[in-house]
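# Sharing a model that was predicted from the sequence below.
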Amino acid sequence: DGEKVHFLTTRDTSDPDALYVLRHSTAHLLAEAVMRLHPGVKIAIGPPIAEGFYYDFEFPEPISEADLEAIEEEIRREISEGREWTREQLSREDAIARFEAEDQPYKVELAREAEGAISLYTQGAFTDLCRGPHLQDATPIKAVKLTSLAGAYWRGDEKNTQLTRIYGTAFYSQADLDAHLERLEQARARDHRRLGTQLDLFHLSDHSPGSPFGHPKGMVLWNGLEDLRRRENRRRGYLEVKTPLLYDIRTYITSGHYDNYRENMFFVQPHEGEEPLALKPMNCPGHMLLFGSQLRSYRDLPIRYAESSTLHRDERGGTLHGLLRVKHITQDDAHVFVTEEQIQDEIDGMIDFVNYLYERFQVTPRAELSTRPENRLGTDEQWDRAEGALEAALRRHQLDYVISPGEGTFYGPKIDLHMTDVLGRSWQMGTIQLDYQMPVQFGLTYMGADNREHAPVVIHRALLGSLERFLGILIEHYGGEFPFWLAPVQALVIPVGENHREAGRALRDELVGGGFRVEVDDRDETLGRRVRDAELQKVPFVVVYGDREAEAARAWREFAQLAVRERGGEQSTLSLVELLERFRELAAEADPPG
RNA sequence: GCCGACGUAGCUCAGCUGGUAGAGCACUUCACUCGUAAUGAAGGGGUCCCCGGUUCGAGUCCGGGCGUCGGCUCCA
């Protein structure tokens, strides 16, 4: 009608909008197929999404994944039969009447809430409420695949009916679909759970669900994060503290967590008939008690308590995921007690800190400002100030951010940093939370210059977030190919034959003595085999020692010449001195000057 | 917590309509002593997730539980 496109005319299959329209139209074919195969089904809504489309239905009988095959077959039949889309426009009342007559309550609800006239698209026996645009006909749909089945709540609210969601994807050619499936497989190869087993980093066990077992190599990575955390905290005026794991319930009633998060807390009953103790799910109350244990002066502030302690959160079943969502969680946590005037500087410093940390791994998180939720403590005026302070800091650092209304914690707004895993899912990493409430709940004060008691403001922050989660994301980010400074085994020495084993071990000792993580592989295997294994373990350097190197040692001195192979295959000849120098340069990336 | 799927050797997986469990890799031993992504041979290894039921007989069928996975919801 001159303002809006109702039908797709392009055949440029590389155009993302074209793909979007193709998938949207395929979703309508799906709905038509489902209606024919499952009479009485109620149809909800089916938008295109990043990688495909989905459609939500309320089936009269439960269906299983096995049923998808028949539905997929039916879609193909529709395409081969031919489908054309037609558009009509109705008034809201007419649309409601029409869907009521068809006994489609979800459509009725959507039509009721629509503004202005309503457009309907029809293909074959199926008419749907839809903004469009659509394909003109189904002939360009060359590849369709229904990928999975899931429950999804109507309008995303778990108080509503749970509908059955069918996911699928569609392409302009079979080759494009194959390429898509190939990309998914490649992404799965980087999955931290797969690499965790392959590289012997960690494992999960039924004996303690959601609580990863850190293997020696995984712990090298873990300690790399811990070292980074400790070193930078020390440089930035944070004070390392240690607070208990078990508390009386009263502590968590005071903090407000008992009322808000009790169902996700673990409780320990020491003996029959005794009061249970709360296993800490976060460090805040401990740090509050620590602050309150002494008289504080405004001259002491800011006080920055840092602790990376083990926390336990009893996450809802069905939400655990490898290292990315665990019950046993460790945060690079800190609580900073400040005066109102110190808030801006402190948050500025934290954002600098965040930038420094994430640059170490060449990753860029997305920032999100989460504002006041419905269920909250404190006055609107306090929330105005707190939200304003966080937003001002984001602006000053010219960080791109989105606002998530209502996503703040019950005690304050927060800046969250998000990253994406190999499956394209977003995870919250670091968080900076401004809190006017908890210090008051705990009765914390400091003596001001005016010789009066004032309540401090607390900034909660975990910059990497959960160390478990950060490690998981990091494994996927590097695909297991960790930079030299972080790699669990930095170099592997391979003596060619039996006669070279002694020299190989001596070389290993030299490199270990230089402060590096080096192992020797003197198994009875061929050189090719051992190089292959080193590549599969993604070891950054392999040093081969055989007759040639032994000869150079006799002619000049030991380790005057070494055959060095870098991950990926590049080879060079270096002396031990040169190799150590190379290692030192690479290791310095952990903490570059400036 | 909800919907769907899955759980078999250390790992990845096969096992048809119920008849007493298999492959590759890994591991052990022997031979080979090797020049940059897989040397050969032999051998060991299993409460088929747990509990209950059906059956002459259950890895396989049924029920319950636990765990894992893909979503939904939640995430201090």
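Structure received.
# other SSEs contacting the host helix or strand of A:D384?
Remark: A:D384 resides in helix A:380-396, with elements defined by DSSP states H and E. For helix A:380-396, the packing partners by 3 or more CB pairs under 8 Å, 6 or more residues apart in numbering; DSSP states H and E come out as helix A:343-359, strand A:366-370, strand A:414-420, strand A:426-435. For every residue, glycine as well, the C-beta is placed using N, CA and C.
# With respect to RNA strand B, which of these lies nearest?
If you check each of those against RNA strand B by CB to the nearest atom of the strand, strand A:426-435 wins as the nearest, at 6.1 Å.
# I'd like to know which elements that closest one is packed against.
Contacts defined by 3+ CB pairs under 8 Å, 6+ apart place strand A:426-435 against helix A:343-359, helix A:380-396, strand A:414-420, strand A:457-466, helix A:467-478.
# Can I get these in JSON lines including mean pLDDT?
Supplementary listing: those in JSON lines, determined by pLDDT from 0 to 100:
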{"stretch": "helix A:343-359", "mean pLDDT": "94"}
{"stretch": "helix A:380-396", "mean pLDDT": "90"}
{"stretch": "strand A:414-420", "mean pLDDT": "94"}
{"stretch": "strand A:457-466", "mean pLDDT": "96"}
{"stretch": "helix A:467-478", "mean pLDDT": "96"}
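# Most tightly packed of these?
Between the helices and strands packed on strand A:426-435, strand A:457-466 has the highest mean count of neighbours, a mean of 26, where neighbours are mean count of other CB atoms under 10 Å.
# just for chain A, where's the confidence low?
For chain A, the stretches flagged by pLDDT under 70 are A:1-4, A:10-11, A:594.
# Could you list the residues of the stretch 251-400 of chain A in contact with RNA strand B?
A:257, A:260-261, A:264-265, A:281-282, A:284, A:313-322, A:325 (CB under 7 Å from any atom of the strand).
# where's the spatially closest residue to A:T364 that is not a sequence neighbour relative to A:A152, distance?
In space, not counting the residues next to it along the chain, A:T364 is nearest to A:Y358; the distance is 6.7 Å by CB to CB, 6 or more residues apart in numbering. In this structure, A:Y358 and A:A152 are separated by 33 Å, where distance is defined by CB to CB, to the nearest Å.
# Taking the stretch 101-250 of chain A, what residue is nearest to RNA strand B?
As assessed by CB to the nearest atom of the strand, RNA strand B sits closest to A:G151 within the stretch 101-250 of chain A, at 2.7 Å.
# Give me the phi and psi for that residue.
The phi and psi torsions at A:G151 (degrees, to the nearest 10) take the values phi -90, psi 140.
# That one reaches A:T161, doesn't it?
No. Assessed by CB atoms under 8 Å, A:G151 is found out of contact with A:T161, at 10.1 Å.
# who does the most centrally placed residue in chain A bridge with?
The residue at the geometric middle of chain A, judged as the C-alpha nearest the mean C-alpha position with CA atoms, centre = their mean, is A:W427 (2.8 Å). Bridge pairing for A:W427 (DSSP bridges) gives the partners A:M419.
# Make sure it is actually in contact with A:D416.
No. Distance between A:W427 and A:D416: 10.1 Å, which falls outside the contact criterion (CB under 8 Å).
# Give the burial count for A:K42, as a bare number.
As a burial measure, the neighbour count of A:K42 was computed by other CB atoms under 10 Å and equals 17.
# and the residue lying closest to it once chain neighbours are set aside, how far is that from RNA strand B?
With CB to CB, 6+ apart as the criterion, A:K42 has its nearest non-adjacent residue at 3.9 Å, and that residue is A:E58. Computed with CB to the nearest atom of the strand, to the nearest Å, the distance linking A:E58 and RNA strand B is 11 Å.
# same question, A:D300
Noted for A:D300: a distance of 25 Å to RNA strand B, by CB to the nearest atom of the strand.
# Equivalent analysis for A:E69, please.
Using CB to the nearest atom of the strand, we find A:E69 at a distance of 12 Å from RNA strand B.
# which residues are contacting the helix or strand hosting A:Q89?
The secondary structure element spanning A:Q89 is strand A:86-90 (assigned by DSSP H and E). Contacts with strand A:86-90, where a contact means CB atoms under 8 Å, 6 or more residues apart in numbering, come from A:H6, A:F7, A:R98, A:A117, A:I118, A:S119, A:L120, A:Y121, A:T122, A:Q123, A:G132, A:H134.
# mind listing the helices in the stretch 51-200 of chain A by residue range?
Taking DSSP state H, counting those that start in this stretch to define them, one finds helices in the stretch 51-200 of chain A at A:67-81, A:92-101, A:105-113, A:174-189, A:192-198.
# mind checking the longest helix of chain A?
Using DSSP state H, we find that the single longest helix of chain A is helix A:16-37.
# re earlier: report the inter-axis angle for the helix holding A:D384 versus strand A:457-466.
Relative orientation of helix A:380-396 versus strand A:457-466 (axes from the mean of the first three to the mean of the last three CA atoms, to 10 degrees): 50 degrees.
# Which strands or helices does the helix or strand just after helix A:380-396 pack on?
For helix A:380-396, the succeeding helix or strand toward the C-terminus, using DSSP H and E, is strand A:401-404. Under the contact criterion of 3+ CB pairs under 8 Å, 6+ apart, the helices and strands touching strand A:401-404 comprise strand A:366-370.
# circling back: pretty sure the residue nearest to A:K42 is touching A:T164, no?
Yes. Using CB under 8 Å, A:E58 is in contact with A:T164, at 7.1 Å.
# How many residues are close by the closest residue in space to A:I249 that isn't next to it in sequence?
Residue nearest to A:I249 in three dimensions, not counting chain neighbours: A:A278, with 5.7 Å by CB to CB, 6+ apart. Other residues within reach of A:A278 by the criterion other CB under 10 Å amount to 23.
# part of a strand, is A:A278?
Yes. With DSSP: H, G, I helix; E, B strand; the rest coil as the criterion, A:A278 is part of a strand.
# need the contact list for it.
By CB under 8 Å, 6+ apart, A:A278 lies in contact with A:L246, A:Y247, A:D248, A:I249, A:T251, A:Y252, A:Y258, A:M265, A:F266, A:F267, A:V268.
# rerun that using 6 Å as the cut-off
Contacts here follow CB atoms under 6 Å, 6 or more residues apart in numbering; on that basis A:A278 touches A:Y247, A:I249, A:Y252, A:M265, A:F267.
# Name whatever forms a beta bridge with the last one.
Looking back up the chat, that one is A:F267. Applying DSSP bridges to A:F267, the residues it is bridged with are A:A278.
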